[in-house]
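Asks: need the 3D shape of this:
(chains A and B)
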Amino acid sequence: MAKGKHKMTPSEKSQARWGLAFVAPTMIGLIVLNFYPIFNTIYQSFFKTGDFGMGNVFVGLQNFASVLGGNEFWRSLGNTFKYALIEVPFSIIFALLLAVFLNRKIAFRSGYRTIFFLPMVAAPAAVAMVWKFLYNQQFGLINNVFGTQTAWISDPGIAWISIGVIGVWSIVGYNMILLISGLQEIPHDYYEAAEIDGATGVKQFFKITIPLLSPTIFFILQTRIIGALQQFDLIYMVMDNSNRALSSVETVVYYFYTQAFTYNNRGFGAAIVVSMLVIIMLITFLLQRAEKKWVFYN
Amino acid sequence: MKKLKTLVSLMLAAVMLFTAAAALADGFSVDVLEVKIWDNNQLAGLQQIADLWTEQSGVKVNIQVVDWDNYWTLLEAGASGGQMPDVFWMHSNNAEMYMGAQKLLDLTDYIAASDKVNLENYYEGITELYSKDGKYYAVAKDHDTIALLYNKALFDQYGVAYPTDAWTWEDYKAAAEAITEASGGDVYGAACNTTNDQDGYFNIIYDFGGYVISDDHKSSGWDNENTIKAMEFIGTLTEKAWAPQQLVSENGTDTLFNNRKVAMISQGSWMINSFYTYEGSEDYAWAVLPYEDVNGNGQADEGERVSIYNGLGWAAAANTKDPDAAWSLIEWFSSEEMQLKQSELGVTMAGYIGASEAFANAFPGMDISAFLEMESNGTLVFRPYSKYTSRWSDQYQRELVEAWNNPSAMTGVLYNLAGEMNALLAQE
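Replies: Numbering: from 1, shown residues only, chains lettered A, B, ... in the order given. As a prediction, this is how the structure comes out:
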């Protein structure tokens, strides 16, 4: 084939034009709603921002120095990891167990599936409010049913677990649905063959189900880690400003929100999220490297 | 075909001319003004007042309510992008920021030329708040005061005498402790969270002669000797008189009060309606706030019974399409007649001095004269604020939690707060 530009035929041209026209809405949306804000945030992180986006003063890396030099960023980063440590593994383990059970032919199967998926349909803010009532120390359902006096969301030692539980509850149904669809991709012959060879159910689970499900598990793991590191709304809804456990559950995004929107410190806030972006990118990179080690694509 | 086109465009032009002429007839170039507020309780009354203006001006007023948090997000985004509502409320938390950035319509000349608005008739603290470098950016819409709300049934049940205007804060403490004790901890005498500043412990601080921010808004008062004395006293309240901080933080003082877990709370006049409409409110009564007898002469003197007050302002966007119409509406809301009407309708007390009496009668069956008495028998002190109020107010609301739970830490927390607040104020 000769080098140089390939001349498009009129029909190819028309196809290309239509193609562009069809992707344009998504592209424009991405550029306006995602790319522009990303670059603008990175830009702002180098400025001492003025009110209403006017009078920004370039300060170089000063915002980053004060973000990374202060305790609060690291404390909230620690809180974020604590949250992720509960939400990610437990929501996947529970979802996996549920998926395996609900993939069998049992009575009311679709009813159960719907029930577990329901939290996903409810507005996160509403979910958080309901849990807040349940957790209430004096009047909450949990303490009243069990006759306990636990300060579920005000005790700094417990609050992070209570928040994590809400996170697990909210996401487990979604993970379950993804895993069920993964399960249905596994050919039935494998199990039949295993049965003939005398493999027990548990053995089948670990030798067939898990390996063949690993791409789905990996996908969930990766998206959930990123999601958990961005946790904000749960804490915003459940924790009052005067809650004495706030500083032990405050996540990075919550810290960013307070600085950027409550205190009107946009530049400082931008430096917080840009730092977080770097951390998330690093984690994603490590995960991608790890993927080759244990994820099984057939 | 061409003829038809010409005809149509001619007709269109004629229609446009007529509409323009109709709008211009009363001097305004717009048909509708967009107004934004954050308090749903006030919507009906304010719309009624605005409709009276529409009858005269022919310009419709579209009032929209956006809750407090979203209101400021929306307004700020609007101000950055040049899309603000025409007329809206301003608040002491943010006024300086908006004035400094020239986002509010300069009303100075309008006020000077107006025969309805004379700034001497409005609360000085509010007027001062909405002015910068000799220019005025908003007119006082209302003012508020604080009073003590108590549940008569609970006082009767535990045999404690009702609050009176002779109460000092020590009497308040004794009565609250008596209720907490008599109920065996089932009911608490009173409650106050670290977030109940203007409607709570700030009043005690100023009664003791302390302050939170200096008059020039440049330095913190947390380490002031009298402030510390007041806060140490507040520390003793947290031990028995007040409900535990954790309980209050999880539920809010108003919920605890409405559920008969707390016998009295201090509340601002902007909250009256929510208690008035609450089931079981026949047991509720209002008293003036207690005072602190600093000079020890057995009576409340000037500055010993303080009500921290705040006032919203009616402001307009600097880039509103029709500044004359916007001003006309603000002038209407601020006029003596409409300020009286605002009180009469029970919307709020007036920003116009002496136009609030009717407010006392706006809630049949509930005596709220205590709010007016706080003014006639007490001292009004304007709510502490600076350019970026929420930076340091958020801080003390969070950090005082420790002292509320462990009063012996109070002084240490206060010195910390003073240092942090001074550092923040230095950046403003």
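Asks: quick check: chain neighbours aside, which residue is closest to the residue in the stretch 251-400 of chain B that chain A sits nearest to?
Replies: Taking CB to the nearest CB, chain A has its nearest neighbour within the stretch 251-400 of chain B at B:R391, 4.5 Å off. Quick note: C-beta positions are derived from backbone N, CA and C, even for glycine. Setting aside the residues directly before and after it, B:R391 is nearest to A:Y263 in space (CB to CB, 6 or more residues apart in numbering or on different chains), at 4.5 Å.
Asks: per-residue confidence for that neighbour?
Replies: A:Y263 carries a pLDDT score of 88 in this model.
Asks: find the residue ranges of the chain scoring beneath the pLDDT cut-off.
Replies: Answering for chain A, as no chain was given. Within chain A, the stretches with pLDDT under 70 are A:1-5, A:298.
Asks: oops, I was thinking of chain B
Replies: Residues of chain B that meet the cut-off, pLDDT under 70, sit at B:1-26.
Asks: enumerate every residue touching the residue most central in space within chain A.
Replies: In chain A, the residue lying closest to the centroid (CA atoms, centre = their mean) is A:G227, at 1.4 Å. By CB atoms under 8 Å, 6 or more residues apart in numbering or on different chains, the contact list for A:G227 reads A:I171.
Asks: near chain B, which residues of the stretch 51-200 of chain A show up?
Replies: A:D51, A:F52, A:G53, A:M54, A:N136, A:Q137, A:Q138, A:F139, A:A151, A:I153, A:S154 (CB under 8 Å from any CB of the partner chain).
Asks: filter those down to the buried ones, ChimeraX style.
Replies: The ChimeraX command for the buried members of these (criterion: 16 or more other CB atoms under 10 Å in any protein chain shown) is given here:
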select /A:51,52,53,136,137,138,151,153,154
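Asks: OK, contacts around residue 203?
Replies: Let's take chain A. A:A194.
Asks: actually, chain B is the one I wanted.
Replies: B:I146, B:S266, B:L289, B:V306, B:S307, B:I308.
Asks: go on, B:R305?
Replies: Contacts of B:R305 by CB under 8 Å, 6+ apart are B:D207, B:V288, B:L289, B:P290, B:Y291, B:E292, B:M374, B:N377, B:G378, B:T379.
Asks: one step back: pretty sure the residue nearest to B:R391 contacts B:S390?
Replies: Yes: using CB atoms under 8 Å, A:Y263 is in contact with B:S390, at 6.3 Å.
Asks: is B:S266 within a helix or a strand, and which one?
Replies: Using DSSP states H and E, B:S266 sits in strand B:262-268.
Asks: residues contacting that strand, please?
Replies: B:144-151, B:154-155, B:158, B:160, B:163, B:176, B:179, B:187-192, B:196, B:198-200, B:203, B:243, B:253-254, B:256-257, B:275, B:289.
Asks: most widely separated two among the contacts of B:N203?
Replies: Pairwise distances across these (CB to CB) peak at 11.8 Å, for the pair B:S266 and B:V306.
Asks: ok, and what's touching stretch A:115-133?
Replies: A:98, A:102, A:139-141, A:153, A:166, A:169-174, A:176-177, A:233-234, A:237-238.
Asks: circling back to that earlier point, what's the overlap in contacts for B:S266 and B:V306?
Replies: Contacts common to B:S266 and B:V306, judged by CB under 8 Å, 6+ apart, are B:N203, B:L289.
Asks: for chain B, what lies in contact range of chain A?
Replies: Residues of chain B lying near chain A (CB under 8 Å from any CB): B:73, B:76, B:79-80, B:97, B:100-101, B:103, B:193-195, B:245-251, B:259, B:261, B:388, B:390-391, B:394, B:397-398, B:401-402, B:405.
Asks: now do the contacts for the residue positioned nearest the centre of chain B.
Replies: Note on chain B: the residue nearest the mean C-alpha position is B:N310, at 4.6 Å, using CA atoms, centre = their mean. Counting by CB under 8 Å, 6+ apart, B:N310 makes contact with B:H91, B:S92, B:H143, B:D144, B:Q198, B:F382, B:R383.
Asks: what about 7 Å?
Replies: Residues counted as contacts of B:N310 (CB atoms under 7 Å, 6 or more residues apart in numbering or on different chains) are B:S92, B:D144, B:Q198, B:R383.
Asks: any idea how chain B splits into domains?
Replies: Chain B is divided into the following domains under automatic domain parsing: B:1-27, B:31-143+B:311-355, B:146-309+B:367-426.
Asks: those into JSON lines, with extra columns for distance to A:L33?
Replies: Formatted as JSON lines, the domains of chain B follow (distance: least, CB to CB, whole Å):
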{"stretch": "domain B:1-27", "distance to A:L33": "36"}
{"stretch": "domain B:31-143+B:311-355", "distance to A:L33": "14"}
{"stretch": "domain B:146-309+B:367-426", "distance to A:L33": "28"}
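Asks: relative to chain B, how far out is A:F117?
Replies: A:F117 sits 30 Å away from chain B, taking CB to the nearest CB, to the nearest Å as the criterion.
Asks: what is the neighbour count of that residue?
Replies: 14 (other CB atoms under 10 Å in any protein chain shown).
Asks: how about the one 10 residues further on?
Replies: Residues contacting A:V127 under the criterion other CB under 10 Å number 21.
Asks: and it, which of the three is it?
Replies: Here A:V127 is helix, with the state taken from DSSP: H, G, I helix; E, B strand; the rest coil.
Asks: mind checking how far it is from B:G351?
Replies: 42 Å (CB to CB, to the nearest Å).
Asks: going along the chain, name the strands of chain A.
Replies: Taking DSSP state E as the test, the strands found in chain A are A:47-48, A:57-58.
Asks: err, the stretch 51-200 of chain B, not the other one
Replies: For the stretch 51-200 of chain B, the strands defined by DSSP state E, counting those that start in this stretch occupy B:60-65, B:87-90, B:131-132, B:135-136, B:138-140, B:142-143, B:146-151, B:188-190.
Asks: I'd like those as a markdown table, with mean neighbour count appended.
Replies: Formatted as a markdown table, those follow (neighbours: other CB atoms under 10 Å in any protein chain shown):
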| stretch | mean neighbour count |
| --- | --- |
| strand B:60-65 | 16 |
| strand B:87-90 | 24 |
| strand B:131-132 | 18 |
| strand B:135-136 | 19 |
| strand B:138-140 | 28 |
| strand B:142-143 | 27 |
| strand B:146-151 | 24 |
| strand B:188-190 | 27 |
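Asks: tabulate those strands in a markdown table, adding columns for distance to B:D216.
Replies: As requested, these are arranged in a markdown table below (distance: least, CB to CB, whole Å):
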| stretch | distance to B:D216 |
| --- | --- |
| strand B:60-65 | 35 |
| strand B:87-90 | 21 |
| strand B:131-132 | 14 |
| strand B:135-136 | 19 |
| strand B:138-140 | 21 |
| strand B:142-143 | 23 |
| strand B:146-151 | 25 |
| strand B:188-190 | 34 |
